[in-house]
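Colleague: sharing a model prediction with you, sequence too.
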Amino acid sequence: MSDCDILEIIKNLDVKDLKEKATILLDNSLKQIQRIAEEKRYILDGDSEIYLEAINQAKNTKNNINATSLIDATNWINDNRLKEYFRIQKEIKTKKSDFEVNRIFILSDNDINSNIVREIIKEQIDAGFNIKIASINKLSKIIPKLMKDFIIFDNERAIRIEVVYRQYVRGDLTYNEDDINELMSIFNELWNWSKAFE
């Protein structure tokens, strides 16, 4: 459908109220498209959209994924979307030995000692992923900027995610070079500060 088709549809609406609503919707869509083009970012609204985008981006990743995991760690075994995300990464790693997944689990002190969480982390290590652990209790003092989860794909695009009560709420997909550089800097600082899983 072309721009002309859309304008023709709006022009042919015979109900004034619907014509106004369609015009407002078109105007808002054009503004959003312009913002995406200028900022190189796209808003992800809700956990379903975030998981779907993470799965799609993982499928298209060639070299590496650098990520934090601030959500409830048991989601890795309880949420089918997160299990699919893990399965895709594991499959890529199986096919391509130099593919790297570097993940930092940000956990409460109780979670660090939980057998279930330890099994989840061990499964990821067994898949060939590089895993480190950070204590959420100590983290806010050291890196206050990190109150969001993020996933960096091939050091060229990222998903930033707002986390509320250890659940995903909203986020964005960014190709903005400044955003990526900032996230890589935070990730590297956090990686150096975090501890290896024991």
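Modeller: That came through, no problem. No experiment lies behind these values; they were computed from the predicted model shown.

Colleague: number of residues surrounding the nearest residue to residue 39 once chain neighbours are set aside?
Modeller: Nearest non-adjacent residue to residue 39, counting by C-beta to C-beta, 6 or more residues apart in numbering: residue 176, 6.3 Å away. Where you see a C-beta, it was placed from the backbone N, CA and C, and this is true even at glycine. The burial count assigned to residue 176 is 15, neighbours taken as other C-beta atoms under 10 Å.

Colleague: now for residue 176: which residues touch it?
Modeller: Contacts for residue 176 (C-beta atoms under 8 Å, 6 or more residues apart in numbering) come out as 39-41.

Colleague: the same query, at a cut-off of 10 Å, please.
Modeller: Under the criterion of C-beta atoms under 10 Å, 6 or more residues apart in numbering, the neighbours of residue 176 are 38-41, 157-158, 182.

Colleague: elements contacting the top helix by length along the chain?
Modeller: Among the elements of the chain assigned as helix by DSSP state H, the one spanning the most residues is helix 16-39. In terms of contacts (3 or more C-beta pairs under 10 Å, 6 or more residues apart in numbering; DSSP states H and E), helix 16-39 is packed against helix 3-12, strand 41-45, strand 167-174.

Colleague: nearest to residue 88, out of these?
Modeller: Closest approach to residue 88 among those (C-beta to C-beta): strand 167-174, 16.6 Å.

Colleague: in its sheet, what does the closest one sit against?
Modeller: Taking DSSP bridges as the criterion, strand 167-174 pairs within the sheet with strand 41-45 (antiparallel), strand 157-164 (antiparallel).

Colleague: spatially nearest residue to the most centrally placed residue in the chain (excluding sequence neighbours)?
Modeller: For the chain, residue 159 is the residue whose C-alpha lies nearest the centre (C-alpha atoms, centre = their mean; 3.6 Å). Closest residue to residue 159 in three dimensions, ignoring its sequence neighbours and counting by C-beta to C-beta, 6+ apart: residue 151, at 4.8 Å.

Colleague: packing partners of the host helix or strand of the one you found?
Modeller: Secondary structure from DSSP states H and E places residue 151 in strand 148-153. Using 3+ C-beta pairs under 10 Å, 6+ apart as the contact criterion, the elements in contact with strand 148-153 are helix 47-59, strand 64-69, strand 100-107, strand 157-164, strand 167-174, helix 177-193.
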